[in-house]
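Trainee: sequence first, predicted coordinates after that:
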Amino acid sequence: MQLRALGRSGLKVSPLCLGAMTFGEADASSFMHKVGCDDQTSHAIMSRALEAGVQFWDTADVYGQDGLSERVVGEWFKASGQRDRVVLATKFRFVMPYGKGASRAHIIRACEHSLRRLQTDWIDLFQIHMQDLDVPEEETLRALDDLVHQGKVRYIGASNYAAWRLVDSLWTSRSQGLERFVALQMQYSLMERNLEKEHVPVAREFGLGIIPWSPLGGGFLTGKYRPGAPPPEGSRLAEWKDRLSRVDAPQNWQILAAVDAVAARRGATASQVSLAWLLHKPQVSSVIFGARSLAQLEENLPAAELVLDAADLKELDEASAWPLHYPYDFLHRIQGRW
Ligand SMILES: NC(=O)c1ccc[n+]([C@@H]2O[C@H](COP(=O)([O-])OP(=O)(O)OC[C@H]3O[C@@H](n4cnc5c(N)ncnc54)[C@H](OP(=O)(O)O)[C@@H]3O)[C@@H](O)[C@H]2O)c1
């Protein structure tokens, strides 16, 4: 797999990033209950992904109860001795038994806990899972900057930020001479394109690499859900009924029809087309996909090499188009962009 730069940083990552949110069988206290996979399957997925060239992996302290996902990844590092070959991303910010938030105190504590669970001395990309309006951005950045200087963290990234806060953060880094975010992890897929309004232009201007999460809409864009049919047993959207009712909307079925049409022309699958569409977006560095079985992983891997032509992209863009609204419609009409 051809490596790509993560934004304007010197870090090189594979176009597909392995999402570890499903690793480990979480108990009923976790939002991941019944939608993950056991340790053995998780280890097999990690081994196969790395063998296929997927060297960029993403986890978080909060995936599975009490750091379960990080522990499963750490056990794989220990058993395989392959830590060096992986660009490892994790996150802090949501509630853990020892605290939450983006204060200096919690960031330093969270980093120590993650390092221990992951059985490693360093994190390649340490990300704030969501902005924290209760903490000054400068405090968060100074704590992250310290971790970089201590060698515990190599690069820092942001996830789930409002665009204004992200720009504020990037300017704070610049004006105070602190480490800056090099990556932006946001929900981005054919079904969720809202960040194209503000975040994509910010990423372009400031050299952030976008790393989309839930690129398959949690499984919807694989084509295994069909209008009027019950969700496949054991699938995520069979478990997350409220999410299923939210995505069961005419535009999403229209998007899926376009994905199916492109897939048929390309001799590809719906998952591969949905992932490849994101990989054709210039600001996207790597796509964080989920796979809960080896079969799903194998199906998703060829997306990294799938080339879509202008007609394919037009069909997918038009089916998933979103209303511009003011001021973007005004700016677009006069300048063709914003
Ligand atoms: N920063 C954030 O706030 C945030 C939030 C969410 C996720 N993430 C990151 O993004 C990663 C991916 O998120 P996601 O799991 O929601 O991504 P996704 O790729 O949209 O969905 C993955 C799920 O879709 C189904 N699936 C995947 N490939 C399939 C295939 N070929 N055929 C049939 N079904 C298939 C599986 O679920 P079932 O088999 O259960 O149906 C799988 O668990 C996570 O692991 C995490 O690292 C970040």
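Mentor: Arrived safely. Keep in mind it's a predicted model, so treat the numbers as computed, not measured.
Trainee: hey, let's count contacts and neighbours off CA atoms from now on
Mentor: Fine.
Trainee: buried residues, the worst-scoring helix or strand of the chain on mean pLDDT. List them.
Mentor: Lowest mean confidence among the helices and strands of the chain (mean pLDDT, DSSP states H and E): helix 241-247, at a mean of 91. When neighbours are counted by 16 or more other Cα atoms under 10 Å, the buried residues of helix 241-247 are found to be Leu244.
Trainee: so which residues on the stretch 1-150 of the chain come close to the ligand?
Mentor: Gly19, Ala20, Met21, Thr22, Val35, Asp58, Thr59, His129 (Cα under 6 Å from any ligand atom).
Trainee: can you lay out those residues as CSV showing pLDDT and neighbour count?
Mentor: Shown next, in CSV, are these (pLDDT from 0 to 100; neighbours: other Cα atoms under 10 Å):
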residue, pLDDT, neighbour count
Gly19, 98, 22
Ala20, 98, 28
Met21, 97, 24
Thr22, 97, 24
Val35, 91, 20
Asp58, 98, 25
Thr59, 98, 25
His129, 98, 23
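Trainee: out of these, which are inside strands?
Mentor: Among those, the residues falling in strands (DSSP state E) are Gly19, Asp58.
Trainee: ok, so of the residues of the stretch 1-150 of the chain next to the ligand, who is nearest Glu138?
Mentor: His129 (16.4 Å; Cα to Cα).
Trainee: isn't that closest one up against Arg93?
Mentor: Yes. His129 is within contact range of Arg93, at 5.5 Å (criterion: Cα atoms under 8 Å).
Trainee: shaky segments in the chain?
Mentor: Scanning the chain for pLDDT under 70 picks out no residues.
Trainee: what about the strands in it?
Mentor: Using DSSP E, strands in the chain cover 4-5, 12-13, 16-19, 56-58, 87-92, 123-128, 153-159, 181-185, 209-210, 287-289.
Trainee: residues contacting Ala5?
Mentor: Residues in contact with Ala5 (Cα atoms under 8 Å, 6 or more residues apart in numbering) are Leu11, Lys12, Val13, Gly209, Ser285.
Trainee: distance to Ser42 for the strands of the chain - can I get that in TSV?
Mentor: TSV is the format used below for the strands of the chain (distance: least, Cα to Cα, whole Å):
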stretch	distance to Ser42
strand 4-5	25
strand 12-13	21
strand 16-19	11
strand 56-58	12
strand 87-92	16
strand 123-128	20
strand 153-159	24
strand 181-185	22
strand 209-210	25
strand 287-289	14
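Trainee: and the helices in the stretch 51-200 of the chain?
Mentor: 68-80, 104-118, 137-149, 163-176, 199-206 (DSSP state H, counting those that start in this stretch).
Trainee: mind putting these into JSON lines with mean neighbour count?
Mentor: Shown next, in JSON lines, are the helices of the stretch 51-200 of the chain (neighbours: other Cα atoms under 10 Å):
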{"stretch": "helix 68-80", "mean neighbour count": "20"}
{"stretch": "helix 104-118", "mean neighbour count": "19"}
{"stretch": "helix 137-149", "mean neighbour count": "20"}
{"stretch": "helix 163-176", "mean neighbour count": "16"}
{"stretch": "helix 199-206", "mean neighbour count": "18"}
